[in-house]
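Engineer: Need a 3D model of the sequence below.
(2 chains)
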There are 2 protein chains.
Amino acid sequence: MKNRTLIKDLKEHVGTEVTIAGFVDVRRDHGKLIFIDLRDASGKVQMVALPNHKEAHELAATVRPEWVIAVTGKVNKRPEKMVNKDEPNGEIEMEVLEINVLGKAKELPFELGADTNIDTHLDYLPLTLRDKKHTAIFKVQAYTVKAFREFYTREGFTEFQAPKLIGDDAEGGANSFDVSYFKHTAHLAQSPQLYKQIMVGVFERVFTVGNVYRAEKHSTTRHINEYTSLDIEFGFITDHTDVMEIENRFLLHLEKELKAQCAEEFACLEEEIPAVPKKIPSMKLTDALTLIKKETGANKTDAMDLDPEDERWLCEHAKKEHKSDFIFITHFPTAKRPFYTYRDEANPMYTKGFDLLFRGVEITTGAQRIHDYDALIASLKEKGLDPEKFSFYLQAFKYGMPPHGGFGMGLERLTQKLLGLSNVKEATLFPRDLNRIDTLLSK
Amino acid sequence: MKNRTLIKDLKEHVGTEVTIAGFVDVRRDHGKLIFIDLRDASGKVQMVALPNHKEAHELAATVRPEWVIAVTGKVNKRPEKMVNKDEPNGEIEMEVLEINVLGKAKELPFELGADTNIDTHLDYLPLTLRDKKHTAIFKVQAYTVKAFREFYTREGFTEFQAPKLIGDDAEGGANSFDVSYFKHTAHLAQSPQLYKQIMVGVFERVFTVGNVYRAEKHSTTRHINEYTSLDIEFGFITDHTDVMEIENRFLLHLEKELKAQCAEEFACLEEEIPAVPKKIPSMKLTDALTLIKKETGANKTDAMDLDPEDERWLCEHAKKEHKSDFIFITHFPTAKRPFYTYRDEANPMYTKGFDLLFRGVEITTGAQRIHDYDALIASLKEKGLDPEKFSFYLQAFKYGMPPHGGFGMGLERLTQKLLGLSNVKEATLFPRDLNRIDTLLSK
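Structural biologist: Below you'll find the predicted structure:
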């Protein structure tokens, strides 16, 4: 559209005639005076149609929420008693001279922003996503990805595009989706893990952002079957603490960027941007379990992993003791970690791996990886996996690899916890679960 | 690694002792003098091991290409006659004091950078990607994606994550891969088209970068079955020329960025960064076919589309007549374009759609889209599609949409043509085709 003024810029045009365009947010018909709030991607403004502009006034009486219109009008200062200091355009209004309907809308099934249940919300996503709370969620998500890329690019990491269609299910068969690939069966990748390790041999430091797939049958508030993974991997590390350190610094960068770019969105969702410690507290799994036993009496010291209750407890502990929303748990048992995880020389029953917990849940899994070819083959065999199936990947190690490590982080779960949302599906644009791909699958 | 100096920075350390780490590129053993070229992600340097440092000298005699080593040594200026001005580190060499082996490598099946055929190249990707020519290709690709995101972010576009797992194959069934999705059949998306249109209702201007899938059985030098699509869509346009304009400006930005960031990579591949015209020439399909008939005698004036030969001819024509590597072809027949394509009011047999041709092939398809709900339903029916199957998507239009349009561009094909590569598989990190997912499928 030529000569369109963005609504956020209207303040600079008081006293002049301009054209704006957007979606009708609400119409209040007072007979002679018809008020219309118009919304574009930049903001919102109140417009008033008066009877002296007959054609525009008649048209104004017919528009309804979500109609798309272009409006030419005069930007006026509001009378003193009508000024609303809480709104960006609360000191002005636009006098409607001409309306041009660009797109009509049918009557809405409910008001935009109405408090619907999650299923209704998902059924009507193309409409409900337009509500400012949902727009805020995905603005924060977009800035989170941007901050991730910016930080790691600055740290000398190169982005690469990882394939999602894979030939063999590298990390255990039960949780992968099968794809009919011509005369063969392929799978959807559960992570870019093996490819990002290969790429350490090429660029030393790499990151990738893309969809990953888990064919998990449970339906919870923190699982979805297709999600976006933020992944890094880099070489020439000393051990897993280098990976933790560069994740810590990313989170500090993220905090800074969210404060600079998304203060309005966090305010809209009534949530605080988390304060990231300069050094996130860290604890070995065995120490964490011992502490839980000591403090709560729950005897889980033989546990191989944390359950959701432990994760919540440890986060509360970190908040109380270290004023931190984050805590690293390290040295999970070798038996519970994937074949490529590096073992602790001091006790090979445990790995140089870690989880990052944030506000009650795990948001990252990371580790140093095995880089020695023979050790990797031994580890595959130990896990009952066939090295022959990994021959493509194993070349990277056969032909020389530095010590390396990395982590993966689910974008939607991170968004959920950043914004205090009760369900990860609210932080997923078009969530896929057991029962739904856009519409319900059972119907 | 603590205290590691990057090889590109060695020039600043002449006369001092530093530690570097990387991959052995080549070793030349002259008995007393052993030369090793060491490569890290930042550059390459020649090192020399002398017999007076006995331990290091003995170890130097054993290292082979692709071994990963850390080396402590003294940075010296080369004797005058050994200076090589063509290399970034051609004026220095490093005297080896200590070698620390971080990762051994088996003997290589061929020298890195050897001129292999495409199948051998693909069989050994974890190794062959390390060659500087291939590294250069994917550096250019990373900068291309970065330039894309930067440009559209600056233009007010918001990034979103499009789902790849879809319930109904929206753009025709034959070319989609089937996925076993619990008790249902899902499909892999052929494009983010329907989702990016929905998102115009949310953010007005959006872009997305992600994998798309085509179950096409042909095996050519320009097709792959999984590729990366760069997609934009935006509202409040006048017509398709707004889409062409904002693509033209992106390409100008890309040219600028590639010149600033990738001159070395283009030099390595002996290719020119294309000059993008301020205004890319444009021609209607019917005019293009008439011109081809007039100039070549080939009577294709009834053709509904361009064939590869036409695309090459038109690119040569644009080069000759307009000194342009790019040409837009517009107004393809409605019958050959997807249901959502906007029709030309002057002649509804043709669309307000376009292709962008670059160095002989189509790299973009774009268009204005239908935004009126009733017109969209009529178009679906006309194409023999069932509107009921599109009910989720259609909500966006039912509840008000502005005039809008966008384009999609294949990242790998763009990279291929930018760098003059003969096969798109060379511009795809881990290409999937009829016969191959990493390893050959038939074995």
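
Engineer: Tell me if I'm right that residue A:312 and residue A:360 touch.
Structural biologist: Yes - between residue A:312 and residue A:360 there is a contact under C-beta atoms under 8 Å: 4.4 Å. C-beta: built from backbone N, CA, C; applies to glycine.

Engineer: Can you confirm whether the strand of greatest length in chain A lies near chain B?
Structural biologist: Identified as the longest strand of chain A according to DSSP state E is strand A:17-30. Yes - residues of strand A:17-30 contacting chain B under C-beta under 8 Å from any C-beta of the partner chain: A:21, A:23, A:24.

Engineer: For the residue of chain A most remote from its centre, list the residues it contacts.
Structural biologist: Here chain A reaches farthest from its C-alpha mean at residue A:52, the gap being 49.5 Å by C-alpha atoms, centre = their mean. Counting by C-beta atoms under 8 Å, 6 or more residues apart in numbering or on different chains, residue A:52 touches no other residue.

Engineer: Please report how far it lies from chain B.
Structural biologist: Look at residue A:52 and chain B: by C-beta to the nearest C-beta, to the nearest Å, they are 28 Å apart.

Engineer: for the stretch 151-300 of chain A, which spans come out with low pLDDT?
Structural biologist: Scanning the stretch 151-300 of chain A for pLDDT under 70 picks out A:169-173.

Engineer: rerun at 90
Structural biologist: Applying pLDDT under 90 to the stretch 151-300 of chain A flags residues A:168-175, A:216-223, A:298-300.

Engineer: ok so, going back, which one of the residues of strand A:17-30 next to chain B sits closest to residue B:433?
Structural biologist: Ranked by distance to residue B:433 (C-beta to C-beta), the residues of strand A:17-30 next to chain B are led by residue A:23 at 44.2 Å.

Engineer: and the residue lying closest to the closest one once chain neighbours are set aside, bridged to which residues?
Structural biologist: Spatial nearest neighbour of residue A:23, chain neighbours left out: residue A:39 (5.0 Å); criterion: C-beta to C-beta, 6 or more residues apart in numbering or on different chains. Beta-bridge partners recorded for residue A:39 (DSSP bridges): residue A:23, residue A:44.

Engineer: per-residue pLDDT, residue A:39?
Structural biologist: On pLDDT, residue A:39 comes in at 97.

Engineer: Return the distance of it relative to chain B.
Structural biologist: Residue A:39 is 10 Å from chain B, by C-beta to the nearest C-beta.

Engineer: Number of residues surrounding that residue?
Structural biologist: 20 (other C-beta atoms under 10 Å in any protein chain shown).

Engineer: Please give me every residue in contact with it.
Structural biologist: If you count contacts by C-beta under 8 Å, 6+ apart, residue A:39 has them with A:7, A:22, A:23, A:24, A:25.

Engineer: can you give me the offset of the helix or strand residue A:137 falls within from its chain's centre?
Structural biologist: Using DSSP states H and E, residue A:137 falls within helix A:132-154. What separates the centre of helix A:132-154 from the centre of its chain is 7 Å, taken as C-alpha atoms, centre = their mean, to the nearest Å.

Engineer: Tell me which residues of that helix come out buried.
Structural biologist: Using 16 or more other C-beta atoms under 10 Å in any protein chain shown as the test for burial, helix A:132-154 gives A:132-149, A:151-152.

Engineer: The closest residue to chain B within the stretch 251-400 of chain A in helix, strand or coil?
Structural biologist: Proximity to chain B, evaluated over the stretch 251-400 of chain A using C-beta to the nearest C-beta, is greatest for residue A:400 at 3.4 Å. Under DSSP: H, G, I helix; E, B strand; the rest coil, the three-state class of residue A:400 is coil.

Engineer: picking that back up, what is the mean pLDDT for the longest strand of chain A?
Structural biologist: On average, strand A:17-30 scores 97.

Engineer: Check which helices and strands that strand is in contact with.
Structural biologist: Under the contact definition 3 or more C-beta pairs under 8 Å, 6 or more residues apart in numbering or on different chains; DSSP states H and E, strand A:17-30 sits against strand A:33-40, strand A:68-77, strand A:92-103.

Engineer: Model confidence for residue A:105, exactly?
Structural biologist: With respect to pLDDT, residue A:105 scores 97.

Engineer: burial count for whichever residue of the stretch 101-250 of chain A sits closest to chain B?
Structural biologist: Using C-beta to the nearest C-beta, the single residue of the stretch 101-250 of chain A nearest to chain B is residue A:105, 3.4 Å away. Using other C-beta under 10 Å, residue A:105 has 20 neighbouring residues.

Engineer: Quickly note the distance from it to residue B:197.
Structural biologist: 15 Å (C-beta to C-beta, to the nearest Å).

Engineer: Ok, residue A:134 next?
Structural biologist: Residue A:134 is 17 Å from residue B:197, by C-beta to C-beta.

Engineer: Could you do residue A:180 as well?
Structural biologist: On the measure of C-beta to C-beta, residue A:180 and residue B:197 end up 28 Å apart.

Engineer: same deal with residue A:307?
Structural biologist: 43 Å.

Engineer: and those two? which has more neighbours close in?
Structural biologist: Of the pair residue A:307 and residue B:197, residue B:197 is the one with more neighbours under other C-beta under 10 Å, namely 25 against 10.

Engineer: relative orientation of whichever strand or helix holds that one and strand A:92-103 in degrees?
Structural biologist: Per DSSP H and E, residue B:197 falls inside helix B:193-203. For helix B:193-203 against strand A:92-103, the angle by axes from the mean of the first three to the mean of the last three C-alpha atoms, to 10 degrees is 160 degrees.

Engineer: Looking only at the following helix or strand past helix B:193-203, what residues are buried by neighbour count?
Structural biologist: Counting by DSSP H and E, the element after helix B:193-203 in chain order, helix or strand, is strand B:205-213. Of the residues in strand B:205-213, B:205, B:206, B:207, B:208, B:209, B:210, B:211, B:212, B:213 count as buried by neighbour count, 16+ other C-beta under 10 Å.

Engineer: doesn't residue B:150 make contact with the third one?
Structural biologist: No - with contact defined as C-beta under 8 Å, residue B:207 and residue B:150 do not form a contacting pair (10.8 Å).

Engineer: What count of nearby residues applies to residue A:55?
Structural biologist: Neighbour count of residue A:55, defined by other C-beta under 10 Å: 10.

Engineer: ok, the residue of the stretch 101-250 of chain A closest to chain B touching residue A:64?
Structural biologist: Yes - here residue A:105 reaches residue A:64: they are 6.3 Å apart, a contact under C-beta under 8 Å.

Engineer: Now list whatever residues contact both of the two.
Structural biologist: residue A:24.

Engineer: Residue A:415 - that's part of a helix, no?
Structural biologist: Yes - under three-state DSSP, residue A:415 sits within a helix.

Engineer: burial count for it?
Structural biologist: Neighbour count of residue A:415, defined by other C-beta under 10 Å: 22.

Engineer: For the residue nearest to it when sequence neighbours are not counted, give its distance to residue B:309.
Structural biologist: In space, and not counting its chain neighbours, residue A:415 is closest to residue A:427: 3.9 Å by C-beta to C-beta, 6+ apart. Applying C-beta to C-beta, the value for residue A:427 to residue B:309 is 49 Å.

Engineer: Same check on residue A:263?
Structural biologist: Taking C-beta to C-beta, one finds residue A:263 at 56 Å from residue B:309.

Engineer: just residue A:220 next, same as before
Structural biologist: From residue A:220 to residue B:309 the distance is 56 Å (C-beta to C-beta).

Engineer: Same question for residue A:166.
Structural biologist: Separation of residue A:166 from residue B:309 (C-beta to C-beta) stands at 36 Å.

Engineer: Looking at those two now, which is surrounded by more residues?
Structural biologist: More neighbours surround residue A:166 than the other of residue A:166 and residue B:309, with 22 against 13 (other C-beta under 10 Å).

Engineer: For that one, list the residues it contacts.
Structural biologist: Residue A:166 touches A:186, A:187, A:188, A:189, B:437, B:438, counting by C-beta under 8 Å, 6+ apart.
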